[in-house]
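Enquirer: pasting the sequence and the predicted coordinates here, then a few questions.
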Amino acid sequence: MLRIFSVLIACLLSWQTLSSEAIAAAESKLPSLFKQLPSTKLSKMKGLIEQISATNEPQVPATLEYLLNGELYYLKANKQIVRAKVNANKRYELTDVLTDTPLEAVTKSAIKKIKTNNALRGKIRGLLALLDLRSADKNIRIKAIKQLLDKPNSTGITAVTALVNNEPDEDVRELMSVALLVNQLINEGHEAKLAAIEQLKTSLEPAVKNAMSNQLEAIADSTNEHDKTLAAELTKALADIDDRKGIFEFLETLFFGFSLGSVLLLAAIGLAITFGVMGVINMAHGEMMMLGAYTTYVIQQAFPQLIEYSLLMAIPAAFLVSGFVGVLIERGVIRHLKGRPLETLLATFGISLILQQLVRSIFSPLNRQVASPEWMSGSWQINPVFSLTYNRLYIIIFSLMVFVALLMILKKTSLGLHVRAVSQNRDMARALSIKSDWVDAITFGLGSGIAGIAGVVLSQLTNVGPNLGQAYIIDSFLVVVFGGVGNLWGTLVAAMSLGSINKFLEPITGSVLANIIVLVGLVLFIQKRPKGLFPQKGRSAD
């Protein structure tokens, strides 16, 4: 019994020793393969690269990238494989490929490049794609398949064929199927090509359209009946793809129109209630937007470590700053000029110049860049030809939220009731003990505060400068007049309409001519409907 136990112990120890040796052998496999790189002939390099790739070690992808980009060298002294990049002093900064540790910089004479040729580079691309196709990261797999679609190779197609049925993600699996169908369209027989066209005619991948166009061009002059049938199917499929692409291009233009309309809505909505209640043409309204934009800039400078939250902090701050300045303007200037619209216009124009010069004196005339938070960067890719940028999407949502909030204030609060009463019949509102002077001040401050919020939005779309508001003040007045003075719903419809019309005209006529066409159209519209789309109701409107 003791002898049997001793034999078992000996077997276990032997197995453990063998396992350790096997692990050590596996660990030493990649360095031993690397040692062969300097001495391997170019004609036999493909096999060695395949062996290196088959180890699946974490250093392999980076090593293949270095070799592909001509950055893989070896030290002449000890044959150590390194990555080399020349610096400003014309010395080569080295990094050990196996350990990723930096080494002492050397001259060019101390190292020698591991050579490649076009065939080997093509092989490396295929192996890199194969490694990416097996990555745990979905985005890396999608990127690899798209690269395979652009530059097909047999290694990648074979790998996709083996992996497609076991791919857990539906989007990746669908893209893999497209890659296989494109390969089928290019390399298979007549019936297989027709079957591939039938399935690919709904795909919006650019590589699909390119492959179909190339196939159609190749058989355009053929008299073969099979080729004629194939050409007809390709022509029909390309037309279907163009039709679907056109729909999404229309939606994308509409999205950009709505994003411009959202900015116009925020810029004009404050002007609408101010103009509707007080009848004041406020030429300093654009400067309220400028103050809101500079408030965003100041907050980012004051709290550089809170860039991700800077916009959330800037929204109430810009509202308060611009609103406070608006109340000061109303109390200090405008209330003394009631009933004199021309003098009010000139006074507010003078205030706009003062505010612009004040900003130039404090911040200098140079434009300032406001950083965008990470959550506003990037885009939502719906399909290969249609994506929505997050910053514009958030702007649309935010402007609608501001619109709804202002609508609730005017419809559900006592302040809103007083504002509507004063805008419809000021004398009757005074007779009912409504303090119209304070309603004017609060309304002007509210409109100016919303303009400040518009400035926060504009800081994400353009540089912040002293002339920021001047680019939008004319458009704001056009929106107010087109929608109907003092009507919020009219302002919403007018802003979205003008924004969309501009974006649809710009590709055809250019931005300047598009603005001229819109302006002429508005003049003709006002000739027919002087009170706008939604005229204000009440005795004062008459």
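Expert: Perfect, I can see it now.

Enquirer: quick one, helices of the stretch 301-450 of the chain?
Expert: Secondary structure of the stretch 301-450 of the chain, counting by DSSP state H, counting those that start in this stretch: helices at 307-332, 341-363, 390-412, 414-424, 426-431, 436-458.

Enquirer: closest to M496 out of those?
Expert: helix 390-412 (9.5 Å; CB to CB). No exception for glycine: its C-beta is placed from N, CA and C like everyone else's.

Enquirer: any weak-confidence spans in the stretch 201-350 of the chain?
Expert: 276-277 (pLDDT under 70).

Enquirer: determine which stretch of the helices of the stretch 301-450 of the chain is the most buried.
Expert: Mean neighbour count (mean count of other CB atoms under 10 Å) peaks for helix 436-458 among the helices of the stretch 301-450 of the chain, with a mean of 26.

Enquirer: who does that one touch, helix- and strand-wise?
Expert: helix 225-278, helix 285-302, helix 307-332, helix 390-412, helix 414-424, helix 426-431 (3 or more CB pairs under 8 Å, 6 or more residues apart in numbering; DSSP states H and E).

Enquirer: distance to F34 added to those, as JSON lines?
Expert: Listed next are those as JSON lines, based on distance: least, CB to CB, whole Å:
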{"stretch": "helix 225-278", "distance to F34": "47"}
{"stretch": "helix 285-302", "distance to F34": "48"}
{"stretch": "helix 307-332", "distance to F34": "43"}
{"stretch": "helix 390-412", "distance to F34": "44"}
{"stretch": "helix 414-424", "distance to F34": "75"}
{"stretch": "helix 426-431", "distance to F34": "87"}
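
Enquirer: one step back: how about CSV for the helices of the stretch 301-450 of the chain, with distance to A232 added?
Expert: Converted to CSV, the helices of the stretch 301-450 of the chain look like this (distance: least, CB to CB, whole Å):
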stretch, distance to A232
helix 307-332, 54
helix 341-363, 64
helix 390-412, 41
helix 414-424, 65
helix 426-431, 73
helix 436-458, 51
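
Enquirer: per-residue pLDDT, I450?
Expert: pLDDT, I450: 90.

Enquirer: OK, contacts around the residue lying closest to L320 once chain neighbours are set aside?
Expert: Counting by CB to CB, 6 or more residues apart in numbering, L320 lies nearest to G449, which is 7.0 Å off, once chain neighbours are set aside. By CB atoms under 8 Å, 6 or more residues apart in numbering, the contact set of G449 is 270, 288, 318-320, 322-323, 326.

Enquirer: now for these: which two are most distant?
Expert: Greatest spatial distance among the contacts of G449 (CB to CB): G270 and L320, at 14.1 Å.

Enquirer: related to what we said a few turns ago, for A54, find the nearest of the helices of the stretch 301-450 of the chain.
Expert: Of all the helices of the stretch 301-450 of the chain, helix 390-412 comes closest under CB to CB, at 40.9 Å.

Enquirer: buried residues, the host helix or strand of I52. List them.
Expert: Using DSSP states H and E, I52 maps to helix 45-54. Across helix 45-54, burial judged by 16 or more other CB atoms under 10 Å covers 45-46, 49, 52-53.

Enquirer: counting by contacts, list what it packs against.
Expert: Under the contact criterion of 3+ CB pairs under 8 Å, 6+ apart, helix 45-54 touches helix 2-36, helix 60-68, helix 118-133.

Enquirer: average pLDDT for it?
Expert: Rounded mean pLDDT across helix 45-54 is 82.

Enquirer: that helix vs helix 118-133, what angle?
Expert: 10 degrees (axes from the mean of the first three to the mean of the last three CA atoms, to 10 degrees).

Enquirer: can we start the residue count at 3 from this point?
Expert: OK, 3 is where the count begins now, so the last one is helix 47-56.

Enquirer: now helix 47-56: how far from the chain's centre is it?
Expert: Taking CA atoms, centre = their mean, to the nearest Å, one finds helix 47-56 lying 39 Å from the centre of the chain it belongs to.

Enquirer: so who does L357 touch?
Expert: For L357, the contacting residues are 286, 289, 292-293, 327, by CB under 8 Å, 6+ apart.

Enquirer: can you tell me which of those has the most neighbours?
Expert: Using other CB atoms under 10 Å as the neighbour criterion, E289 leads these with 31 neighbours.

Enquirer: the helices in the stretch 53-202 of the chain, which residues?
Expert: 62-70, 120-135, 140-152, 156-165, 172-189, 192-202.

Enquirer: enumerate every residue touching the residue lying closest to V265 once chain neighbours are set aside.
Expert: In this structure, V265 finds its nearest non-sequential neighbour in V459, 6.1 Å apart by CB to CB, 6+ apart. Residues in contact with V459 (CB under 8 Å, 6+ apart) are 264-265, 268, 397, 400-401.

Enquirer: now the contacts of L357 as TSV including distance to T225?
Expert: Formatted as TSV, the contacts of L357 follow (distance: CB to CB, whole Å):
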residue	distance to T225
A286	75
E289	72
M292	69
L293	73
V327	78
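
Enquirer: now, among these, which is nearest to E176?
Expert: Closest to E176, out of all of the contacts of L357 and judged by CB to CB, is M292, at 48.0 Å.

Enquirer: could you measure from the closest one over to V166?
Expert: Distance of M292 to V166, given as CB to CB, to the nearest Å: 56 Å.

Enquirer: just V459 next, same as before
Expert: 45 Å.

Enquirer: and stretch 142-152, which residues are buried?
Expert: Buried, per 16+ other CB under 10 Å, within stretch 142-152: 143-144, 146-151.

Enquirer: which ones are touching A79?
Expert: When contacts are counted by CB under 8 Å, 6+ apart, A79 touches A112.

Enquirer: distance of it from L69?
Expert: 21 Å.

Enquirer: next: S478.
Expert: Applying CB to CB, the value for S478 to L69 is 59 Å.

Enquirer: these two - which one has more neighbours?
Expert: S478 (29 against 25).

Enquirer: in terms of helices and strands, where is the more buried one?
Expert: Going by DSSP H and E, S478 is part of helix 472-485.

Enquirer: what packs against that helix?
Expert: Helices and strands touching helix 472-485, by 3+ CB pairs under 8 Å, 6+ apart, are helix 227-280, helix 287-304, helix 490-511, helix 513-530.

Enquirer: just the angle between the helix holding I54 and helix 62-70, please?
Expert: Here the directions of helix 47-56 and helix 62-70 differ by 150 degrees (the same axes, to 10 degrees).

Enquirer: now the angle between helix 156-165 and helix 47-56, please.
Expert: Using the same axes, to 10 degrees: helix 47-56 against helix 156-165 is 30 degrees.

Enquirer: ok, now which ones touch the residue nearest to Q217 when sequence neighbours are not counted?
Expert: Spatially, and ignoring its direct neighbours in sequence, Q217 is nearest to L236 (5.9 Å; CB to CB, 6+ apart). Contact analysis of L236 by CB under 8 Å, 6+ apart lists 199, 214, 217-218.

Enquirer: with those in mind, which one is nearest to F484?
Expert: For the contacts of L236, the nearest to F484 is M214 (45.2 Å; CB to CB).

Enquirer: what helix or strand does that closest one sit in?
Expert: Assigned by DSSP H and E, M214 falls in helix 208-220.

Enquirer: run the angle between that helix and helix 192-202 for me.
Expert: If you take the same axes, to 10 degrees, helix 208-220 sits at 140 degrees to helix 192-202.

Enquirer: tilt between helix 208-220 and helix 140-152?
Expert: Put simply, helix 208-220 runs at 10 degrees to helix 140-152, going by the same axes, to 10 degrees.
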